[in-house]
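1. quick one, structure for this:
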Amino acid sequence: MSLGLAVVLLGLGLAFIVAEILFPSFGVLAVLATASIVGSVAVAFVLSTTTGMWFLVAVALLVPATIMLGFKVFPKTPMGKALINPGLSFDSQKSYDARDAALLGKEGVAESMLRPAGVARLDGRRVDVMTRGEMIQAGERVRVLEVEANRVVVARAESQTNKS
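-> Predicted structure coming up:
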């Protein structure tokens with residue numbers, strides 16, 4: 001047995017890992033990868049304990065790196081493009097209704113009990129809102145205090161609090 005055989009088996013095992021990620025085989029390629037990597041470590045230990053330990057370290061570093069590389073490459077493959085929904089990213093500004101920004105300072109009516117979250121009719125439409133912690137009964141007037149992305153913060157309108 002030679003060091004070359006151990007290196008070839010390790011390389012073959014890493015290649016099988018990438019192949020399993022890119023072309024799902026229901027575990028067949030994963031079993032071949034495992035057998036190749038275990039075989040390479042076994043051959044390395046037959047050569048010497050020191051070589052075997054170095055191969056274990058190499059496996060501990062290379063296998064996770066290969067998996068990460070495979071998952072990095074996968075979305076760029078034709079199968080990856082077909083399986084992965086492009087959807088909205090975290091940087092996208094479309095995750096909230098742009099009309100909400102115009103609600104700042106507007107008054108409306110709580111359509112459900114706000115405890116502290118609920119629904120209010122503001123500017124002629126139903127909007128998911130939340131209070132600063134207080135409970136507001138359905139039918140009470142509310143004023144928008146803050147709008148940040150998809151979070152609309154309301155409080156009782158002053159006209160309501162002066163009556164109580």
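2. please verify my assumption that residue 40 contacts residue 13.
-> Yes: using Cβ atoms under 8 Å, residue 40 makes contact with residue 13 at a distance of 6.4 Å. From N, CA and C alone the C-beta is placed, and that goes for glycine too.
3. not including adjacent chain positions, what is the nearest residue to residue 7?
-> In this structure, residue 7 finds its nearest non-sequential neighbour in residue 40, 7.3 Å apart by Cβ to Cβ, 6 or more residues apart in numbering.
4. any idea which helix or strand carries the one you found?
-> helix 28-47 (DSSP states H and E).
5. buried residues in that helix, which are they?
-> Using 16 or more other Cβ atoms under 10 Å as the test for burial, helix 28-47 gives 29, 30, 32, 33, 36, 37, 39, 40, 41, 43, 44, 45.
6. check contacts around residue 59.
-> Residue 59 makes contacts with 10, 37, 40, 41, as judged by Cβ atoms under 8 Å, 6 or more residues apart in numbering.
7. out of these, the closest to residue 2 would be?
-> residue 40 (11.8 Å; Cβ to Cβ).
8. average pLDDT across stretch 97-106?
-> Mean per-residue pLDDT for stretch 97-106: 87.
9. now do the same end-to-end measure for that stretch.
-> 16 Å (Cα to Cα, to the nearest Å).
10. from memory residue 123 sits against residue 101, does it?
-> No: with contact defined as Cβ under 8 Å, residue 123 and residue 101 do not form a contacting pair (11.4 Å).
11. and residue 27, how many neighbours?
-> If you count neighbours by other Cβ atoms under 10 Å, residue 27 ends up with 11.
12. what comes up buried for whichever helix or strand residue 65 is part of?
-> Taking DSSP H and E as the definition, residue 65 sits inside helix 49-73. Within helix 49-73, the residues scored as buried using 16+ other Cβ under 10 Å are 51, 52, 55, 58, 59, 62, 63, 66, 70.
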